[in-house]
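Enquirer: Below are the sequence and a predicted model; questions follow.
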Amino acid sequence: MQIELKFFASVREALGLAQERVDLPEDVRTVGAVRDYLIARGGVWAETLAHGRALRMAFNHVMCAPDTAIVEGGEVAFFPPVTGG
């Protein structure tokens with residue numbers, strides 16, 4: 001399955017990447033599984049997307065939970081929580 005990944009704010013800065021198109025293995029079917037897939041890359045990926053870090057996720061421009069199913073051609077976005085002042 002091919003999807004688009006987008007990274008925003010401090011996540012983008014840490015990874016040095018704003019977006020990427022990836023071909024996922026068959027067993028990657030949820031937003032949380034996409035996160036695990038990226039963490040498995042190791043290094044800065046594992047550090048930036050680690051489960052202990054505050055991180056928001058969206059699928060096709062809608063905030064979502066890790067168990068949200070993904071579909072071919074969809075977009076998964078990762079970004080830090082937003083704070084206001």
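Expert: Yep, it's here.

Enquirer: Quick check, pLDDT for the residue nearest the centre of the chain.
Expert: The centroid of the chain falls nearest to Phe78 when counting by CA atoms, centre = their mean (4.3 Å). Listed pLDDT for Phe78 reads 97.

Enquirer: What is the neighbour count of Gly74?
Expert: Neighbour count of Gly74, defined by other CB atoms under 10 Å: 16. For the C-beta atoms, the positions are set from N, CA and C on the backbone; glycine is no exception.

Enquirer: which one's the longest helix in this structure?
Expert: Counting residues, the longest helix in the chain under DSSP state H turns out to be helix 31-39.

Enquirer: Could you list every helix and strand in contact with it?
Expert: Counting contacts by 3 or more CB pairs under 8 Å, 6 or more residues apart in numbering; DSSP states H and E, helix 31-39 is packed against strand 2-7, helix 43-48, strand 56-59, strand 75-79.

Enquirer: Most tightly packed of the ones you listed?
Expert: strand 75-79 (a mean of 20; mean count of other CB atoms under 10 Å).

Enquirer: Direction included, what does it pair up with?
Expert: Strand pairing for strand 75-79, determined by DSSP bridges: strand 2-7 (parallel), strand 56-59 (antiparallel).

Enquirer: Just the endpoints, please. Distance across stretch 59-68?
Expert: Chord length of stretch 59-68, first to last residue, is 8 Å (CA to CA, to the nearest Å).
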